[in-house]
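**Student:** give me a 3D structure for the following:
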Amino acid sequence: MDKKVKVNASILIIGNEILSGRTKDTNTSTLAIWLNSIGVNVDEVRVIPDIEKIIVDTLNLLRSKYDYVFTTGGIGPTHDDITAQSVAKAFEIKYEIHKEAYKILESYYKPGEFNEGRQKMAWMPENAKLILNPTSGAPGFNVKNVFSLPGVPSILKSMLGGLTNEIVGGKPIKSLTISLRTVESEIANSLTKVQNDNKKVEIGSYPFFHAGRLGVSIVIRSDDQSKIDNCNLQILKFVKEKKIEMVDR
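**Tutor:** Model prediction:
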């Protein structure tokens, strides 16, 4: 893939526990930060329930739209872990025991502990490529541009290092944050002008509440450090003119 081409991805969070609020989603942030660092822009995130038809339909839409799709959740040993069979159905391939995954899991558990539920984690789409798990044994898997990872945040995070060489990204996305003691309405016009003058740079403003006072963080994002530096100078110019206080966060 040409390094100059913008590479994009979507994240598909699968699980009723996320939608119910019982479990907090931190995987989106972990994946997005990692993907940005290797030059892959996250353009869309969806959260869906453990329902096969919804998983299949959403996956088919996203995999045709983006360079990469990362799914989290639904690859464990329980009855509602249906991500692997849904991926197989989406690609219209067999769902079967992955011999290598079976061996990994069999050697991970003590004799007698590799029960039927745990054997379910060895069932994957036909010819899936394994994503090794250094934390708990159970591997994730990859079919074409779809990468399926577990939902447990610490386990997911531990598996990303082994994936870095599998993902072809563009230039890593860099960012710079300027935090100001102000409100958005005070800087909106000035910030819009900077954005209009720098179309290839992404500029966002995010209110925050710190030490009992309101503020706004301006985040500049680009794969080109010189473009970030240029925007930074333009923003600092109007900040100085308006006599706005800068703060450390």
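**Student:** hey, let's count contacts and neighbours off CA atoms from now on
**Tutor:** Noted.
**Student:** which residues touch D50?
**Tutor:** 14-16, 74, 80-83 (CA atoms under 8 Å, 6 or more residues apart in numbering).
**Student:** do you know the pLDDT at it?
**Tutor:** At D50, the pLDDT value in this model is 96.
**Student:** which secondary structure element contains it?
**Tutor:** According to DSSP states H and E, D50 maps onto no helix or strand at all.
**Student:** please state the offset of the host helix or strand of K237 from the chain centre?
**Tutor:** Element membership for K237 (DSSP H and E) is helix 225-241. Here the centre of helix 225-241 is set off from its chain's centre by 29 Å, with CA atoms, centre = their mean, to the nearest Å.
**Student:** stretch 73-93 too?
**Tutor:** Worked out by CA atoms, centre = their mean, stretch 73-93 lies 19 Å from the chain centre.
**Student:** next, the buried residues of it.
**Tutor:** 73-77, 81-90 (16 or more other CA atoms under 10 Å).
**Student:** which one among the residues you listed gets closest to S37?
**Tutor:** Nearest to S37 among the buried residues of stretch 73-93, counting by CA to CA, is G73 at 22.7 Å.
**Student:** quick one on the thing from earlier: and the contacts of D50 as TSV, adding secondary structure and pLDDT?
**Tutor:** TSV is the format used below for the contacts of D50 (DSSP: H, G, I helix; E, B strand; the rest coil; pLDDT from 0 to 100):
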residue	secondary structure	pLDDT
I14	strand	97
G15	coil	95
N16	helix	95
G74	coil	95
D80	coil	92
D81	coil	95
I82	coil	97
T83	helix	97
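**Student:** just these now: which is nearest S185?
**Tutor:** I14 (37.3 Å).
**Student:** what number of residues lie near that closest one?
**Tutor:** The number of residues packed near I14 is 26, by other CA atoms under 10 Å.
**Student:** can you give me every residue that contacts it?
**Tutor:** When contacts are counted by CA under 8 Å, 6+ apart, I14 is found next to 47-50, 55, 71-74, 83.
**Student:** any idea which helix or strand carries the most centrally placed residue in the chain?
**Tutor:** The centre of the chain sits closest to L31, judged by CA atoms, centre = their mean, with a distance of 3.1 Å. For L31, the element it lies in under DSSP H and E is helix 27-37.
**Student:** and that helix, average pLDDT?
**Tutor:** The pLDDT scores in helix 27-37 average 95.
**Student:** let me know the pLDDT of K3.
**Tutor:** At K3, the model reports a pLDDT of 46.
**Student:** can you check the one 4 residues further on too?
**Tutor:** As predicted, V7 sits at a pLDDT of 92.
**Student:** can you list the domain ranges for the protein.
**Tutor:** Domains of the chain are assigned by automatic domain parsing as 7-166, 174-246.
**Student:** measure the nearest residue to G74 once chain neighbours are set aside to N27 for me?
**Tutor:** Nearest residue to G74, sequence neighbours excluded (CA to CA, 6 or more residues apart in numbering): D81, at 4.0 Å. Separation of D81 from N27 (CA to CA, to the nearest Å): 17 Å.
**Student:** likewise N232?
**Tutor:** N232 is 30 Å from N27, by CA to CA.
**Student:** neighbour count: the two, which is higher?
**Tutor:** The neighbour comparison of N232 against N27 (other CA under 10 Å) goes to N27, with 22 against 18.
**Student:** now do the contacts for that one.
**Tutor:** 72, 151, 153, 156.
**Student:** and which of those residues is nearest to G117?
**Tutor:** Distance to G117, by CA to CA, is smallest for G151 among these, at 17.1 Å.
**Student:** least confident secondary structure element in the protein?
**Tutor:** Each helix and strand of the chain was given a mean pLDDT (mean pLDDT, DSSP states H and E); the minimum falls on strand 202-210 at a mean of 89.
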